[in-house]
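Peer 1: Take a look and give me a structure for this.
(4 chains)
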Number of protein chains: 2
Amino acid sequence: MKKIVLIEDDSDLFALLKYNLEKEGYSFAGSQTGKGALDLFRRERPDLIILDIMLPDSDGLDICKGIRATPELSHIPVIFLTARASETDRIVGLELGANDYIVKPFFVRELIARVKIQFRGQQSQQRTLKSGGLELDRSSCRVVLDSQELQLTATEFKLLEFLMSRPGIVFSREQLLDGVWGHDRAVTDRTVDVYILRLRQKVEGDPANPLYIRSVRGFGYSFHHPEAVEVSQAAMAVSSTDRNLQDA
Amino acid sequence: MKKIVLIEDDSDLFALLKYNLEKEGYSFAGSQTGKGALDLFRRERPDLIILDIMLPDSDGLDICKGIRATPELSHIPVIFLTARASETDRIVGLELGANDYIVKPFFVRELIARVKIQFRGQQSQQRTLKSGGLELDRSSCRVVLDSQELQLTATEFKLLEFLMSRPGIVFSREQLLDGVWGHDRAVTDRTVDVYILRLRQKVEGDPANPLYIRSVRGFGYSFHHPEAVEVSQAAMAVSSTDRNLQDA
DNA sequence: CGGAATCGTCATTCAACTGTTACATTATCC
DNA sequence: GGATAATGTAACAGTTGAATGACGATTCCG
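Peer 2: Just a heads-up that it's a prediction; the model follows:
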């Protein structure tokens, strides 16, 4: 369930959007004042922020700057909401790091549509993730290894899905806990190790020689990148020229 | 450089956008007719498509549907451009898979800003650092030298990343300890020497003649500036020619 | 209710990494 | 050239980090 936080001082609009967003199935939180907005974000860890620019007590642009400057918030998409329609206002808003900019008055359904867009691209809408003999189907929550179905638990599945959807990228235990267990977790980071172990026991033919899940000492874990080999081969073609130069 | 393809029948607007997008440094292609648009996309493989909805010969919405239905194109972001401003039109456009929707008349700078948004996130920070045959990938924590992967420890990696991300700049041991080990370190500054040594043993072909990591006596260490490397390689190429000449 | 599956934690083990030291080597200055 | 300081290098002992097996707690399900 995606969580949205709204900062909007107009009570009518606030209620209207709250109603519609909740009806769409989003988890909702909000405030009618800009004061303490950043603290609210840190507490709620929303997946999307909708921000009125003109607030009586503070400037939405400043809040946005604050979001982008806070490491644990900087990745969250921001949609600006405003009555200002001048060119410079729009540009400033967008260039400040907003992901979208909606001018009042607007259609609620358009806002909903634009909210959905922010969530679309994030999850590589692929229904199935494949790598080598490993295949994960999101819609049926099934994992198949070499045409043999595996029995994964819910947590194991989510962890594998998280890793497979971002192949090659190394995640710290912290990031994995955030992504798989959720930010309001109460879980030790060592737990990740254990789940990686359990996953490997099911997924890897030889758990001692992991083919899919890589440990990166001091950093975390990553899923094997399918293109890693291709890339290094391409690099070889190029760099051989360099080597010839040096050899000469 | 990112490539953008524009489908827009209005000659004035087409020329205006072409001019501005190219001025922004984007590679540009386009057509003033909707016919054959999908073929154009398949040929050009753009990173972004800007699509007028109202075309004399075809419907932009259909083209968008076609994009989303074509596997090799489906991931490409689409921005709709249109004079239609009714609610249903906007919703349909957005829900059809468009990533943004701009109503005419619009400000060119706003369009540019919205184009940039589509590309943001993809390259929030430089993912890979390159210099000569040395390549460091931040997201996968990998280092490749002349197409051969190196096994670096966490500290070695962080040190190399620190230096490579600021090529040419000389850092004192103090600064390196702050940047790599953190402010709350309890580490002797001679430790830096040892890690530089270990890095050189892995990174430099000939540790006695460092190509990448330079010692600056009395000050500290620095990574070779990319241009400096090129120059030295160029010099090497020249001198080898000389040698060959003399040998001949 | 009972049993099984799942969850999260803990303690242990071992290999790898870390940081220090001592000593060798090199550069710099007079 | 020789004294001196800075850097390079090798070896070491302590520490850390990841893999692993075992354990109690919780949830699920009949």
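
Peer 1: Please count neighbours and contacts with C-alpha atoms only from this point.
Peer 2: Will do.

Peer 1: what about the residue in chain A positioned nearest to chain B, which SS state?
Peer 2: Residue of chain A nearest chain B, by C-alpha to the nearest C-alpha: A:I169 (4.6 Å). The three-state label given to A:I169 by DSSP: H, G, I helix; E, B strand; the rest coil is coil.

Peer 1: close enough to count as contact, it and A:S222?
Peer 2: Yes: taking C-alpha atoms under 8 Å as the definition, A:I169 is a contact partner of A:S222 at 5.6 Å.

Peer 1: okay, these two: which has more neighbours?
Peer 2: A:S222 (24 against 21; other C-alpha atoms under 10 Å in any protein chain shown).

Peer 1: Does A:P210 touch A:E204 like I think?
Peer 2: Yes: when contacts are counted by C-alpha under 8 Å, A:P210 is listed as touching A:E204 (5.9 Å).

Peer 1: Find the residue closest to A:R217 in space, skipping its chain neighbours.
Peer 2: B:A154 (6.8 Å; C-alpha to C-alpha, 6 or more residues apart in numbering or on different chains).

Peer 1: Around DNA strand D, which positions in chain A sit nearby?
Peer 2: A:D193, A:V194, A:I196, A:L197, A:P207, A:A208, A:S215, A:V216, A:R217, A:G218, A:F219, A:G220 (C-alpha under 7 Å from any atom of the strand).

Peer 1: Please list only the buried members of those.
Peer 2: Buried members of the residues of chain A next to DNA strand D, scored by 16 or more other C-alpha atoms under 10 Å in any protein chain shown, are A:I196, A:L197, A:P207, A:S215, A:V216, A:G220.

Peer 1: Setting aside sequence neighbours, what's the nearest residue to the last one?
Peer 2: Once flanking residues are discounted, A:G220 sits nearest to A:S172: 4.3 Å by C-alpha to C-alpha, 6+ apart.

Peer 1: contacting residues for that neighbour?
Peer 2: A:F219, A:G220, A:Y221 (C-alpha atoms under 8 Å, 6 or more residues apart in numbering or on different chains).

Peer 1: Could you provide these in CSV, with additional columns for pLDDT and distance to B:I102?
Peer 2: As requested, the contacts of A:S172 are exported to CSV (pLDDT from 0 to 100; distance: C-alpha to C-alpha, whole Å):
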residue, pLDDT, distance to B:I102
A:F219, 96, 43
A:G220, 96, 42
A:Y221, 97, 41
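
Peer 1: Give me the residue ranges of chain A where confidence is low.
Peer 2: Low-confidence segments of chain A (pLDDT under 70): A:85, A:121-126, A:226-248.

Peer 1: the strands in it, which residues?
Peer 2: Along chain A, the segments classed as strands by DSSP state E run A:3-7, A:27-31, A:48-52, A:78-82, A:100-103, A:128-131, A:134-137, A:142-145, A:148-150, A:213-216, A:220-223.

Peer 1: Pull out the buried residues from the third one.
Peer 2: What that stands for is strand A:48-52. Neighbour counts over strand A:48-52 (16+ other C-alpha under 10 Å) mark A:L48, A:I49, A:I50, A:L51, A:D52 as buried.

Peer 1: so which of these comes closest to DNA strand C?
Peer 2: DNA strand C lies nearest to A:L48 out of the buried residues of strand A:48-52, by C-alpha to the nearest atom of the strand, at 24.5 Å.

Peer 1: Could you give the bridge partners of that closest one?
Peer 2: Beta-bridge partners for A:L48, by DSSP bridges, are A:I4.

Peer 1: show me what contacts it?
Peer 2: Neighbours of A:L48 in contact, by C-alpha under 8 Å, 6+ apart: A:K2, A:K3, A:I4, A:V5, A:I76, A:P77, A:V78, A:I79, A:Q118.

Peer 1: Just flag the most distant two among these.
Peer 2: Pairwise distances across the contacts of A:L48 peak at 15.0 Å for A:K2 and A:I79 (criterion: C-alpha to C-alpha).

Peer 1: Could you check which of those two has the larger neighbour count?
Peer 2: A:I79 (26 against 11).

Peer 1: Test my guess that that one contacts A:D47.
Peer 2: No: if you go by C-alpha under 8 Å, A:I79 and A:D47 don't touch, sitting 11.5 Å apart.

Peer 1: ok, A:L13 - contacts?
Peer 2: By C-alpha under 8 Å, 6+ apart, A:L13 has no neighbours at all.

Peer 1: burial measure for A:D10, as a count.
Peer 2: 14.

Peer 1: And for A:K23?
Peer 2: When counting by other C-alpha under 10 Å, one arrives at 10 neighbours for A:K23.

Peer 1: That one: what's it in contact with?
Peer 2: With contact set as C-alpha under 8 Å, 6+ apart, A:K23 has no partners.

Peer 1: What residues does chain A have near DNA strand C?
Peer 2: A:151-156, A:181, A:186-191, A:194, A:217-218.

Peer 1: Out of these, grab the one that's most surrounded.
Peer 2: Ranked by the number of neighbours (other C-alpha under 10 Å), the residues of chain A next to DNA strand C place A:E156 first, at 19 neighbours.

Peer 1: any idea how far that residue lies from A:Q201?
Peer 2: A:E156 sits 11 Å away from A:Q201, going by C-alpha to C-alpha, to the nearest Å.

Peer 1: before we move on, what about A:T188?
Peer 2: Taking C-alpha to C-alpha, one finds A:T188 at 21 Å from A:Q201.

Peer 1: cool, and A:R142?
Peer 2: According to C-alpha to C-alpha, A:R142 stands 17 Å off from A:Q201.

Peer 1: Buried ones from the contacts of A:L48, can you make that a PyMOL selection?
Peer 2: In PyMOL syntax, the buried subset of the contacts of A:L48 is picked out as below (16+ other C-alpha under 10 Å):
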select buried, chain A and resi 3+4+5+76+77+78+79+118
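
Peer 1: of all the contacts of A:L48, which comes closest to A:E135?
Peer 2: The closest of the contacts of A:L48, once distances to A:E135 are taken by C-alpha to C-alpha, is A:K2, at 25.8 Å.

Peer 1: gap between A:D100 and A:E8?
Peer 2: When distance is defined by C-alpha to C-alpha, A:D100 is 16 Å away from A:E8.
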